[in-house]
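A.B. asks: sequence and predicted structure, then a few things I'm wondering about:
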Amino acid sequence: MSDQPMRVAVLGGGSFGTALASIAADNGAEVRQWLRDPDLAAQITREHRNGRYLPGFTINAAVVASTEMAEVLEGAELVLVAIPSKAFREVVRQARPFLNEAQILVSTTKGIQEEGFKLMSQILEEETGFPHIGVISGPNLASEIADRQLTATVIASDDPETRTRVQSALGCDYFRVYASNDRYGVELGGALKNIYAIAAGMAAALGMGENTRSMLMTRALAEMSRFAVDQGANPMTFLGLAGVGDLIVTCSSALSRNYRVGQALGEGKTLDEAVQALGQVAEGVNTVRLVRDKAHEDGVYMPLAEGLYQVLFKGVPARDMARLLMLGEQSSDVEFVLPRKDVQQDRRDGGERHG
């Protein structure tokens, strides 16, 4: 390892990308950040703040922002891709001529591409074919990270070099970076929990109490892990920061964009009004539809995702959806302990004995 500072490139000018850029600079890295907006890039470089996405927080003065992709990526050892899922592939294609296979490419985006149901790290793989690919995910509200509050995240990759280099670049006394080799599970956890944050915000607006929120989060965790395991993830991943950790923070905090969308829906706003009031991308809205359709296709039981789909896209009032969920089947608590099909069989057997 050389004594030269690590060169880190961050693609994206949103709140999380900006917070990570500042952490890497705090750790002594040479950091460049790519943005589309020249005014915002100038503000980050000159005033050390991102007035649009992280107002009120000071960014490390060493972060240099630019609209020139080649300039940002030149010599970068670590590239953090913090672009909303809808534009992710387009930006990776734009970056591709300036990337090389020695670089470590890490997605920080919690979303799913509709076509082919692709996660962001799969897009990185498809567009580059490079070996050092990873994902960062966890309970990471950007404003708290920017405020240097104690936070932890997960770097997930099959590649040990990716895991250790990201830990070294971003791990510090207020931001802890834990490792996982279940890239798919960690990434899917980050995308799926956005769905349930909408449900939690809705429940809060409807005046539901702590018992309800606890039930909602626990059943959400069961539903997330059931779906993820069907897709090939490790269920144990969901006991960690990228599963239950991320679910807790995003279902408990009005800082979460998806939670705020749910709150607006619970107050009777339409989906368009809720998204407009937010003024930022809430990845969970699109994820609800994609996951609900995929669950239908693969035969995975997901009553919460189905209920949210009905509210968001079919005009069912939020209060009616909450009532319908309570009429759902009482089945297994933890399916990896007692499979749902066994509970259903027990019920059939009991009905026959008492019939």
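C.D. replies: Structure received.

A.B. asks: per-residue pLDDT, the residue lying closest to Gln94 once chain neighbours are set aside?
C.D. replies: Excluding its sequence neighbours, the residue lying closest to Gln94 (CB to CB, 6 or more residues apart in numbering) is Met69, at 5.9 Å. No exception for glycine: its C-beta is placed from N, CA and C like everyone else's. In this model, Met69 is scored at 98, pLDDT.

A.B. asks: quick one: Met69 from Glu335, how far?
C.D. replies: Using CB to CB, to the nearest Å, Met69 is found at 45 Å from Glu335.

A.B. asks: residue contacts, the residue nearest to Gln94?
C.D. replies: Leu11, Trp34, Gln94, Ala95, Phe98 (CB atoms under 8 Å, 6 or more residues apart in numbering).

A.B. asks: again, only using 6 Å
C.D. replies: Going by CB atoms under 6 Å, 6 or more residues apart in numbering, Met69 touches Trp34, Gln94, Ala95, Phe98.

A.B. asks: where's it relative to Glu90, distance?
C.D. replies: Separation of Met69 from Glu90 (CB to CB) stands at 12 Å.

A.B. asks: which residues of the stretch 101-250 of the chain score low on pLDDT?
C.D. replies: Within the stretch 101-250 of the chain, no stretch has pLDDT under 70.

A.B. asks: could you pull out the helices in it for me?
C.D. replies: All helices of the stretch 101-250 of the chain, identified by DSSP state H, counting those that start in this stretch, fall at 120-128, 142-146, 160-170, 183-205, 210-230, 246-252.

A.B. asks: wait, which of the ones you listed is closest to Ala42?
C.D. replies: helix 142-146 (19.3 Å; CB to CB).

A.B. asks: show me the contacts for the residue found closest to Tyr184 once you drop the neighbours it is linked to in the chain.
C.D. replies: Of all residues not flanking Tyr184 in the chain, Ala233 sits nearest, at 5.2 Å (CB to CB, 6+ apart). Listed by CB under 6 Å, 6+ apart, the contact set of Ala233 reads Tyr184, Gly185, Leu188.

A.B. asks: could you do Gly12 as well?
C.D. replies: Taking CB under 6 Å, 6+ apart as the criterion, Gly12 is in contact with Ala82, Ile83.

A.B. asks: now do 10 Å
C.D. replies: The neighbours of Gly12, taking CB atoms under 10 Å, 6 or more residues apart in numbering as the test, are 18, 20-21, 33-36, 53, 80-84, 87-88, 91, 108-109.

A.B. asks: ok, now how distant is the residue most central in space within the chain from Asp246?
C.D. replies: Per CA atoms, centre = their mean, the C-alpha nearest to the average position across the chain is that of Lys110, at 2.8 Å. As for Lys110, its distance to Asp246 is 8 Å (criterion: CB to CB).

A.B. asks: and what of Gly240?
C.D. replies: Counting by CB to CB, the gap from Gly240 to Asp246 is 9 Å.

A.B. asks: just the buried members of the contacts of Ala233?
C.D. replies: Tyr184, Gly185, Leu188 (16 or more other CB atoms under 10 Å).

A.B. asks: next, the buried residues of stretch 287-305.
C.D. replies: Within stretch 287-305, the residues that count as buried by 16+ other CB under 10 Å are 287-292, 294-295, 300-305.

A.B. asks: same deal with stretch 221-232?
C.D. replies: Neighbour counts over stretch 221-232 (16+ other CB under 10 Å) mark Leu221, Ala222, Glu223, Met224, Ser225, Arg226, Phe227, Ala228, Val229 as buried.

A.B. asks: the closest residue to the residue nearest to the centre of the chain other than its chain neighbours: neighbour count?
C.D. replies: Excluding the flanking residues, the one nearest Lys110 by CB to CB, 6+ apart is Gly190, at 3.8 Å. Gly190 has 30 neighbours, counted by other CB atoms under 10 Å.

A.B. asks: measure Gly190 to Pro235 for me?
C.D. replies: Going from Gly190 to Pro235 by CB to CB gives 16 Å.

A.B. asks: what's the answer for Ser15, then?
C.D. replies: Where Pro235 is concerned, Ser15 sits at a distance of 31 Å (CB to CB).
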